Structure formats: C-alpha cells, structure tokens
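Participant: below is the structure, and that's it, no one-letter string:
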C-alpha cells in the first residue's frame with residue numbers, strides 16, 4: 001500500500017500529533033520573542049552570540065511550523081523530520097532534568113514522547129499511506 005494516495009478522512013492520532021507540533025512551534029516562537037527582548041534590554045550583550053541564538057530559535061520555530069503543516073497535509077516525507085524534532089526535544093528535556101527546572105524537563109519529555117507516539121502509531125501510518 002505504500003504507493004497509494006492516503007485517505008483524507010480525519011485521523012485523531014495524526015491530527016493531535018500535528019496540533020502538538022504546532023504547539024512546539026508556538027513555544028519556539030515565544031522563546032524567540034523572549035530572546036529578542038533580552039537582546040534589546042540587556043546591558044552587557046555579545047551581539048554576535050545573542051543574534052545567532054535568536055536567529056536559530058526563529059529558524060527552529062519556522063522549521064517546526066512547516067513540518068507540522070506538511071504533516072497536516074499528509075505528506076509522508078514530513079514524518080521523519082517530525083520524529084527528529086521529538087528527539088531534539090527529548091534531549092533538551094533530559095538536559096533540563098539534570099540542570100534546569102525539573103518540571104519543565106518532565107513536561108518536555110512527556111510532550112516529545114506523546115507527539116512521537118501519536119505520529120508513529122498505526123492509524124497515523126495508515127493515514128499517511130505508509131502501512
């Protein structure tokens with residue numbers, strides 16, 4: 001069935017996975033806005049480091065948004081990048097468990113696992129035409 005056009009009926013698992021990807025994109029956009037405020041209000045700023053970090057956060061927000069949009073349109077090629085995003089989120093959550101706010105780390109780990117599971121379960125695979 002790999003070559004067939006995927007079904008267009010709504011699939012709850014895939015739809016929720018896409019919604020969580022959009023949530024992650026919104027979180028990255030909020031982080032970008034926060035970094036811009038820090039860049040503009042900080043007394044001591046290394047402009048190169050501040051600008052590069054802010055631009056990377058903005059690019060990540062855009063990339064996750066486009067992955068979510070493609071997956072929402074049932075593009076099977078978007079599933080791999082969506083899973084890679086979750087792996088990065090898992091790494092970040094694990095890091096926060098060790099050194100940062102533990103609650104935020106746990107929330108990131110739960111979000112990453114839940115999103116990856118929703119994207120990879122059989123109903124989502126069938127909706128993407130992978131099954």
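Facilitator: Nice, I can see it. In this text, all values refer to a predicted model and were calculated from it rather than measured experimentally. Numbering: from 1, shown residues only.
Participant: only C-alpha atoms from now on, for both contacts and neighbour counts.
Facilitator: Noted.
Participant: remind me which helix or strand residue 112 belongs to.
Facilitator: According to DSSP states H and E, residue 112 maps onto helix 102-120.
Participant: now the farthest one out in this structure, which residue is it?
Facilitator: Centroid-distance maximum for the chain: residue 43 at 32.0 Å, with Cα atoms, centre = their mean.
Participant: same question for stretch 69-88: list its buried residues.
Facilitator: Neighbour-count burial for stretch 69-88 flags 69-72, 74-76, 78-79, 82-83, 85-87 (criterion: 16 or more other Cα atoms under 10 Å).
Participant: so of the residues you listed, which ones are in helices?
Facilitator: Using DSSP state H, the subset of those located in helices is 69, 70, 71, 72, 79, 82, 83, 85, 86, 87.
Participant: what's the closest of the residues you listed to residue 28?
Facilitator: For those, the closest approach to residue 28 (Cα to Cα) belongs to residue 85, at 11.9 Å.
Participant: do I have it right that the closest one meets residue 64?
Facilitator: Yes - Residue 85 lies in contact with residue 64 (Cα atoms under 8 Å); the separation is 7.4 Å.
Participant: what residue ranges in this protein score low on pLDDT?
Facilitator: Along the chain, segments meeting pLDDT under 70 span 1-8.
Participant: recalculate using a threshold of 80.
Facilitator: For the chain, applying pLDDT under 80 flags the ranges 1-9, 45, 131.
Participant: remind me, longest helix of it?
Facilitator: Ranked by residue count, the top helix of the chain under DSSP H comes out as helix 12-41.
Participant: could you check the angle that one makes with helix 102-120?
Facilitator: 140 degrees (axes from the mean of the first three to the mean of the last three Cα atoms, to 10 degrees).
Participant: elements contacting helix 12-41?
Facilitator: Where contact means 3 or more Cα pairs under 8 Å, 6 or more residues apart in numbering; DSSP states H and E, helix 12-41 is packed against helix 47-72, helix 102-120, helix 122-128.
Participant: mind doing that once more with 6 Å?
Facilitator: helix 47-72, helix 102-120 (3 or more Cα pairs under 6 Å, 6 or more residues apart in numbering; DSSP states H and E).
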